[in-house]
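Chemist: Here's a sequence, model it:
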Amino acid sequence: MKHYFNHGVSAYMYWNIALAEGGYSRWGWQQNSLITVDTVSNTFQYNPEYYLMKHLSHYVKPGARMLQVQGEYDDVLAFQNPDDSIVLIVHSGEEREFNIKIGTKVVSPKLKAGSFNTLLISL
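Modeler: Take a look at the predicted model:
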């Protein structure tokens, strides 16, 4: 799958950090959030969006460019940081080996089912 994102975006804001179970905002419509709060048991749960934002905000540095990705996987984001390091963020629905080729370098990590994985590759 090919992705072309070179929008020059310099910031991203996630509107709902936390919502009660069911995901209804103060405006009354259902939405997703980074964290779901169970108001009955006073507990919370991190949602997949939380982990995606955690990986993006930690590894993708200011000034990074989003890169084109080609291949059979569609849950991959790639960025090149200002120091020329490459950040790959991969979501895997099932356990599998993931083959990545960047230039002449090949990396083949084994990804766990239901996981977000970040690979930081120095060129």
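
Chemist: From here on, just use CA atoms for contacts and neighbour counts.
Modeler: Will do.

Chemist: Show me what the helix or strand encompassing Tyr51 is packed up against.
Modeler: Using DSSP states H and E, the element containing Tyr51 is helix 48-59. Counting contacts by 3 or more CA pairs under 8 Å, 6 or more residues apart in numbering; DSSP states H and E, helix 48-59 packs against strand 86-92, strand 115-121.

Chemist: rerun that using 10 Å as the cut-off
Modeler: Applying 3 or more CA pairs under 10 Å, 6 or more residues apart in numbering; DSSP states H and E, we find helix 48-59 packed against strand 35-38, strand 76-80, strand 86-92, strand 115-121.

Chemist: So, low pLDDT: which residues of this protein?
Modeler: Scanning the chain for pLDDT under 70 picks out 1-12.

Chemist: Give me the nearest residue to the residue nearest the centre of it, chain neighbours excluded.
Modeler: In the chain, the residue lying closest to the centroid (CA atoms, centre = their mean) is Leu52, at 3.3 Å. In space, not counting the residues next to it along the chain, Leu52 is nearest to Phe116; the distance is 6.9 Å by CA to CA, 6 or more residues apart in numbering.

Chemist: quick one: that neighbour and Pro48 touch, right?
Modeler: Yes: under the criterion of CA atoms under 10 Å, Phe116 makes contact with Pro48 at 8.3 Å.

Chemist: ok, and the closest non-adjacent residue to Val76?
Modeler: Residue nearest to Val76 in three dimensions, not counting chain neighbours: Val90, with 4.6 Å by CA to CA, 6+ apart.

Chemist: Tell me the spacing between the one you found and Leu77.
Modeler: As judged by CA to CA, to the nearest Å, Val90 and Leu77 stand 7 Å apart.

Chemist: Neighbour count for these two, which is higher?
Modeler: Between Val90 and Leu77, counting by other CA atoms under 10 Å, Val90 is the more crowded of the two (21 against 18).
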